[in-house]
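A.B. asks: My questions concern the predicted model and sequence given below.
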Amino acid sequence: MTAQTDPKIISAQLCEFARTNFVADGAEFDEHSPLAKAGIDSFALVELLLYCERVIGVRVPDSHLTGTNLASMATLANCIAELARSGQASP
């Protein structure tokens with residue numbers, strides 16, 4: 001699998017996954033919304049990271065799970081895109 005490297009595409013994928021699995025019906029949520037607004041707690045974050053590995057093809061190492069990278073889907077997508085570009089895709 002070739003990992004996705006476009007942060008806009010990754011962000012759209014992450015937002016769709018969040019809307020399907022975590023965001024309450026009718027709640028406003030986009031790529032710049034805080035992850036907590038999507039209902040993403042520590043357990044949901046694990047699911048989101050597994051989705052990144054399984055579908056997007058990038059494993060996010062613990063060292064990249066920072067407040068900055070987890071501020072929103074856009075910041076997480078930028079982190080994932082950078083990891084993919086640097087060759088840190090999932091095996």
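C.D. replies: Ah, there it is.
A.B. asks: mind listing what Glu42 touches?
C.D. replies: Quick fix: residue 42 reads Ser, not Glu. Counting by Cβ atoms under 8 Å, 6 or more residues apart in numbering, Ser42 makes contact with nothing. (Each C-beta comes from the backbone N, C-alpha and C, glycine too.)
A.B. asks: what about the residue lying closest to Asp30 once chain neighbours are set aside, neighbour count?
C.D. replies: Once flanking residues are discounted, Asp30 sits nearest to Cys15: 6.6 Å by Cβ to Cβ, 6 or more residues apart in numbering. For Cys15, the count of nearby residues is 21 (other Cβ atoms under 10 Å).
A.B. asks: swap in Glu82?
C.D. replies: 15.
A.B. asks: Can you show me the helices along this protein?
C.D. replies: 7-21, 42-51, 73-85 (DSSP state H).
A.B. asks: Deepest in the core, which of the ones you listed is it.
C.D. replies: For these, the largest average neighbour count (mean count of other Cβ atoms under 10 Å) is found in helix 73-85, namely a mean of 22.
A.B. asks: For the protein, give me the ranges with low pLDDT.
C.D. replies: 1-3, 88-91 (pLDDT under 70).
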